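Asker: Sequence unavailable; structure follows:
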Ligand code: FPP
């Protein structure tokens, strides 16, 4: 049962926005491309990494708000497979911010019954990062509330390649026939297995790209792009995104037939 006063304080501007949301039609899974940290820092004459540091406050507020809205899942794109091309100092700082966040935030994740999960090739990360991530994974494994996925060393194409490899191994070992492979089998080999696909994809800082994020899973996601830079993103922006999402007519390639909207599984192309 959503505790409204915990999501937004009574009488606040955020609360007025929140009260417009239909709680029976919330997205089950929200995915976010957190962009604009570098620009936020540059606008203030700070080094780029200060934008990442400031972005942690947004992460904290959005994770907590989504958990209090009792969403099934939130996925944040923290580090892509392409981000290794960034200057070494920026990579090292991002990784240490992540470790610091996990270290400080574990108690809060537990308090909010949030289950932490990593999507992406975790085994290629530095040992100290893997250690902190494993602590977060083990520590929250019995939580039953929202799943908080952090996409790290993640690429949508890489993820699909990994899933295909795993299926190919099963075929060559005789555990699976090619004919048994369908969307469900492939989906079950992705790092988001068991979770609903994102209903809503948010991108901050105005860019109209999906940047290799959850390529398989966002097939029917509603996309909401805001010019707000990630370090400025707060729950009022999340509420705006949800309100906009609730105005959309989701047809999954079908038609609206006597008011009946097809389910995602019945997609007509
Ligand atoms: C994109 O901004 C942002 C990132 C590549 C990293 C996001 C990471 C954080 C907010 C901090 C750590 C995350 C967690 C979950 C604790 P950009 O640098 O590409 O910005 P720009 O396009 O303005 O240069």
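Answerer: Okay, I see it. Keep in mind the model is a prediction, meaning the values are calculated, not measured.
Asker: The residue nearest to residue 26 when sequence neighbours are not counted and residue 76: what is the separation?
Answerer: Distance criterion CB to CB, 6 or more residues apart in numbering; nearest residue to residue 26, sequence neighbours excluded, is residue 69 at 6.0 Å. Using the backbone N, CA and C atoms, a C-beta is placed for each residue, glycine as well. Applying CB to CB, to the nearest Å, the value for residue 69 to residue 76 is 15 Å.
Asker: three-state assignment of residue 24?
Answerer: Of the three states, residue 24 takes helix according to DSSP: H, G, I helix; E, B strand; the rest coil.
Asker: no wait, residue 202
Answerer: Residue 202 - assigned by three-state DSSP - is strand.
Asker: Grab the nearest non-local neighbour of it.
Answerer: Going by CB to CB, 6+ apart, residue 202 has residue 32 as its nearest residue, at 4.7 Å.
Asker: What's the local residue count around residue 238?
Answerer: 26 (other CB atoms under 10 Å).
Asker: make that residue 208, sorry
Answerer: Counted with other CB under 10 Å, residue 208 comes out at 7.
Asker: Doesn't it lie inside a strand?
Answerer: No: counting by three-state DSSP, residue 208 is not part of a strand but coil.
Asker: Report whether the expected contact of it with residue 226 is present.
Answerer: No: contact criterion CB atoms under 8 Å: residue 208 and residue 226 do not qualify, at 11.6 Å.
Asker: any residues in contact with both of these two?
Answerer: Counting by CB atoms under 8 Å, 6 or more residues apart in numbering, residue 208 and residue 226 have no contacts in common.
Asker: give me phi/psi at the residue of the stretch 1-150 of the chain found nearest the ligand?
Answerer: Going by CB to the nearest ligand atom, the ligand is nearest to residue 38 of the stretch 1-150 of the chain, at 2.4 Å. The phi/psi pair for residue 38 (degrees, to the nearest 10) reads phi -60, psi -40.
Asker: what about the longest helix along the chain and the ligand, touching?
Answerer: Scanning the chain for the longest helix, with DSSP state H as the assignment, gives helix 88-111. Yes: judged by CB under 6 Å from any ligand atom, helix 88-111 comes into contact with the ligand at 97, 98, 101.
Asker: so how far is residue 193 from the second one?
Answerer: As defined by CB to CB, residue 98 lies at a distance of 23 Å from residue 193.
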